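>>> A predicted structure for the sequence below; I have some questions about it.
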Amino acid sequence: MPDTVPTSPTVTHLRSPRAIRERCHALLELGLADRLAHFRVDMARLPGVADFVLDVTREAYPTLDIPVHSRWGHFDVGGVQRNALLDSRLAGLTPAERARAKLDLVITSVLLDAGSGPAWKYVEPGSGGTFARSEGLAVASFHMFLAGAFSSDPARPLQVDAEGLRRLSRDALAEGFQVTATNPLAGLEGRLELLHGLGRVLPRPGALYDLLGGAGRQATATEVLGQVLESLGPIWPGRITLDGVNLGDVWPHSALGATDHPDSLVPFHKLSQWLTYSLLEPLAEGGITVTALDALTGLPEYRNGGLLVDTGLLVPREARLLQDVFTPGEEPIVEWRALTVALLDELGKRVRERLGMTSAQLPLAKVLQGGTWSAGRKIAAQKRSGGPRPSGSTATARCSEFQLRRFSTTTGLGG
C-alpha cells in the first residue's frame, strides 16, 4: 500500500460527517432566509413529503423491520436469493475470511455502481431476469465476483486482489456487463480505472477488515468512514487537494466564503458513505461492532435530490437549472446536493416523530432505505414516463453524481 500523507486538522474535519452536516445545514439556513442563488426552500411542504416517505416505507416494510440502506439489498433484486448463494459458497471459511470475501465483493460492486445510462440492461444467466440501473450493476458485479473475474488465483476465485484488479481488461469488464453496441454502458473506462486504482492502494479490498482491527473490535461509523476515505482517497480522479491530500467529493460554494478558501468547501463523501453503510453487515459477521450509525448523513444522489424537487420542497429559481448541463463542481449542483443532505435530516426527524421512534431505533440509514430513495423513484415514475430523474441532471465525462438533464457517469462522484 502507498504511504499515507499526514492529514492536517482542516483535512481531518472535512473528512468527517460532522463537517458534512455543518456545511450543508449552513446552506439550508441561508436557503430558509431566501439568500441562496439557485434554489428556494419551501418548508411548508416538509410534512407532506414526510407523510409520503412514511407511506412508501409502510408499503415496503409493514412491520417496520427495515434494513440499513446498503448494496446488499440490491443483490437479491427480483426475489432471487443471491446472498444465500454467496453464503453457501463461503460456508467453509472462518468468520474473518468470510468477512474479507464479502468486503471484497461489496467494495468492488459499490465502486462499479454509477449511473448506467438509459439503454443498458443486464440479462442474468440462469434466472433470465432483466435488470437495469443500480440493481443491474449489482447483479452483474455479483456474477463477475462468483466467476473469479477479480481474483488472480484460480484456486481462490471468491476474492478480489490487487493483481486480479490490475490485470482486468476493458474487454473482460465489458463482457461481464454484457456491453455491446446495442447495449452500451455509460462510463465503462472510468469504472475500469477505478478498479485499477483500487488494485494500487490495497492488497485486497477485504484488507479493510484488518485495518479496522479485526474480530472483537468496536468502531464508530465515523471511524469506518475515515478509514474508507484514507484508504481509497488516492483512487479518485482529479479533485480539489488541500495540504497535499485529494479531498474527494468536496466542492466550494461561494455563499460560505471565498472559493479559494477552505471555509467555502462543502464535503459530501456520498460514495464513501454509501460504501460505509454497505460494510456494516460483513464487518459484523467478522466480529467488528459498528456503533453510532446515525452520525453518517443522508446521500445526495439523484433519487433523494429528485424527491425534494418533485415534491416542491426545493424549487429551482430558474428554468435553466432543469434544462442545462452542469459539471459536478458548479454551484447549482453543490447547492442542490447540500440542501438534499440537510433536508434528509429534517425528513428523518419528521418520520421518526410520526412513528414515535428514536434515532437509535430508526437511524437515517433506515429512513433512506424505507424510505426516501424508493419515494424518489416512485414520484419520478408518477411524474415522468419511465421514472427518470428531474430533467436537467448530468455530469462531465469524468465525474458524475445526481446533477441538474442526464445522469450518466464514468466513475461516480468519488470520495
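Sure, I can see it.
>>> name the element the residue nearest to Glu124 when sequence neighbours are not counted belongs to?
Computed as CB to CB, 6 or more residues apart in numbering, the closest residue to Glu124 that is not its neighbour in sequence is Val139, at 5.7 Å. No exception for glycine: its C-beta is placed from N, CA and C like everyone else's. Using DSSP states H and E, Val139 maps to helix 133-146.
>>> Now the next helix or strand after that helix: average pLDDT?
Downstream of helix 133-146, the first helix or strand assigned by DSSP H and E is helix 162-167. For helix 162-167, mean pLDDT rounds to 98.
>>> swap in stretch 183-190?
The model assigns stretch 183-190 a mean pLDDT of 95.
>>> Between the two ends of it, what distance do you get?
17 Å (CA to CA, to the nearest Å).
>>> Please apply the same query to stretch 177-193.
15 Å.
>>> Give the buried residues for it.
Judged by neighbour count using 16 or more other CB atoms under 10 Å, the buried positions of stretch 177-193 are Phe177, Gln178, Val179, Leu185, Ala186, Gly187, Leu188, Gly190, Arg191, Leu192, Glu193.
>>> Tell me which entries of those residues lie within helices.
Judged by DSSP state H, the buried residues of stretch 177-193 include Leu188, Gly190, Arg191, Leu192, Glu193 as members of helices.
>>> For Pro9, see how far away the closest residue to Ser8 other than its chain neighbours is.
Spatially, and ignoring its direct neighbours in sequence, Ser8 is nearest to Asp243 (4.4 Å; CB to CB, 6+ apart). For Asp243, the distance to Pro9 equals 10 Å [CB to CB, to the nearest Å].
>>> same question, Ala284
From Ala284 to Pro9 the distance is 31 Å (CB to CB).
>>> And for Trp120?
43 Å.
>>> more crowded one of the two?
More neighbours surround Trp120 than the other of Trp120 and Pro9, with 21 against 8 (other CB atoms under 10 Å).
>>> In contact with that one, which residues?
For Trp120, the contacting residues are Ala132, Gly136, Phe177, Val179, Asn183, Pro184, Leu185, Ala186, by CB atoms under 8 Å, 6 or more residues apart in numbering.
>>> Distance to Gly216 for those residues - can I get that in JSON lines?
Putting the contacts of Trp120 into JSON lines (distance: CB to CB, whole Å) gives the following:
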{"residue": "Ala132", "distance to Gly216": "41"}
{"residue": "Gly136", "distance to Gly216": "38"}
{"residue": "Phe177", "distance to Gly216": "39"}
{"residue": "Val179", "distance to Gly216": "43"}
{"residue": "Asn183", "distance to Gly216": "46"}
{"residue": "Pro184", "distance to Gly216": "47"}
{"residue": "Leu185", "distance to Gly216": "41"}
{"residue": "Ala186", "distance to Gly216": "43"}
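>>> Would you check which pair of the buried residues of stretch 177-193 lies furthest apart?
Maximum pairwise distance among the buried residues of stretch 177-193 (CB to CB): 20.2 Å, between Gln178 and Glu193.
>>> For the residue lying farthest from the centre of the chain, grab phi and psi.
In the chain, Ala155 marks the outermost C-alpha relative to the chain mean, sitting 32.0 Å out by CA atoms, centre = their mean. Phi and psi for Ala155, reported as degrees, to the nearest 10, are phi -80, psi -10.
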